[in-house]
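Peer 1: Below are the sequence and a predicted model; questions follow.
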Amino acid sequence: DTAVSQTPKYLVTQMGNDKSIKCEQNLGHDTMYWYKQDSKKFLKIMFSYNNKELIINETVPNRFSPKSPDKAHLNLHINSLELGDSAVYFCASSQAGNQPQHFGDGTRLSIL
Amino acid sequence: GDSVTQMEGPVTLSEEAFLTINCTYTATGYPSLFWYVQYPGEGLQLLLKATKADDKGSNKGFEATYRKETTSFHLEKGSVQVSDSAVYFCALTIQGAQKLVFGQGTRLTINP
């Protein structure tokens, strides 16, 4: 009965490859998010979606393309991976407005 | 823009010591404030929240009071335990902004 689940938990791949991370929430929330956590633990918003519509794209390179097939899912596809993409990516969800966000366990992406 | 500043870490304390982690913010609107905790290898969990001035959020012995006059939301606990060792994040959201803005995180280590 995990609330926000991400797969995979670990992703190790080579520079130049394309990869996807999946996220699903079973909380009935309207809004979903992707955050990036760098090696110093700093967290920054990448995208937010409300009811399948893109609300925020926080100056993320267009190699990153989120896709929301329905309001319970928000997947992240990354093209032409670069060394600087190595990080932990967190998916989150919330009800609309300033309600608390619920986070997944993260996907640790390592680029060789 | 909106920002959150936390006290520099890491913080190391002995068990049963008093804890304060400082957090101050700047916001263009009227924010809701949160503390999140990240245990090793896990995602972020909401620890407590406050949505208006003078509100006190509390959970698991932790407390924080929303101080509008000093734009602060300091986290306190009277007697810490080894199990409190984690990274703590102060964060804010503005109504309608659809994102959390995080502080840089404070790593807390409690020694027995």
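Peer 2: Arrived safely.

Peer 1: mind checking how far A:Ile21 is from chain B?
Peer 2: According to Cβ to the nearest Cβ, to the nearest Å, A:Ile21 and chain B sit 13 Å apart. Placement of C-beta: from N, CA and C, glycine included.

Peer 1: Surely that residue touches A:Gln6?
Peer 2: Yes. Shown here, A:Ile21 and A:Gln6 form a contact pair, counting by Cβ atoms under 8 Å, at 6.3 Å.

Peer 1: any shared contact partners between these two?
Peer 2: When contacts are counted by Cβ atoms under 8 Å, 6 or more residues apart in numbering or on different chains, A:Ile21 and A:Gln6 have A:89, A:91, A:107 as shared neighbours.

Peer 1: and the second one, what does it touch?
Peer 2: Yep, that's A:Cys91 we're talking about. Residues in contact with A:Cys91 (Cβ under 8 Å, 6+ apart) are A:4, A:6, A:21, A:23, A:25, A:32-35, A:74, A:76, A:103-104.

Peer 1: Out of the residues you listed, which comes closest to B:Gln95?
Peer 2: Among these, A:Tyr33 lies closest to B:Gln95 (Cβ to Cβ), at 16.1 Å.

Peer 1: excluding its backbone neighbours, what's nearest B:Gly61?
Peer 2: B:Lys77 (5.2 Å; Cβ to Cβ, 6 or more residues apart in numbering or on different chains).

Peer 1: meant to ask about B:Leu19
Peer 2: Going by Cβ to Cβ, 6+ apart, B:Leu19 has B:Lys77 as its nearest residue, at 4.4 Å.

Peer 1: And for B:Asn111?
Peer 2: Once flanking residues are discounted, B:Asn111 sits nearest to B:Ser14: 5.5 Å by Cβ to Cβ, 6+ apart.

Peer 1: Closest to chain B out of the shared contacts of A:Ile21 and A:Gln6?
Peer 2: Closest to chain B out of the shared contacts of A:Ile21 and A:Gln6 is A:Cys91 (8.8 Å), distances taken as Cβ to the nearest Cβ.

Peer 1: got the residues of chain B near chain A?
Peer 2: B:31-32, B:34, B:36, B:38, B:42-46, B:49, B:51, B:87, B:89, B:93-102, B:104-105, B:107 (Cβ under 8 Å from any Cβ of the partner chain).

Peer 1: ok, of these, which come out buried?
Peer 2: B:31-32, B:34, B:36, B:38, B:43-44, B:46, B:49, B:51, B:87, B:89, B:93-94, B:97-102, B:104-105 (16 or more other Cβ atoms under 10 Å in any protein chain shown).

Peer 1: From these, which land in strands?
Peer 2: B:31-32, B:34, B:36, B:38, B:44, B:46, B:49, B:87, B:89, B:93-94, B:101-102 (DSSP state E).

Peer 1: Most widely separated two among the residues you listed?
Peer 2: Pairwise distances across these (Cβ to Cβ) peak at 23.7 Å, for the pair B:Val87 and B:Ile94.

Peer 1: what's near enough to touch residue 107?
Peer 2: In the absence of a named chain, this looks at chain A. Shown in contact with A:Thr107 (Cβ under 8 Å, 6+ apart): A:6-11, A:21, A:88-90.

Peer 1: not quite, I wanted chain B
Peer 2: By Cβ under 8 Å, 6+ apart, B:Arg107 lies in contact with A:41, B:9-11, B:86-87.
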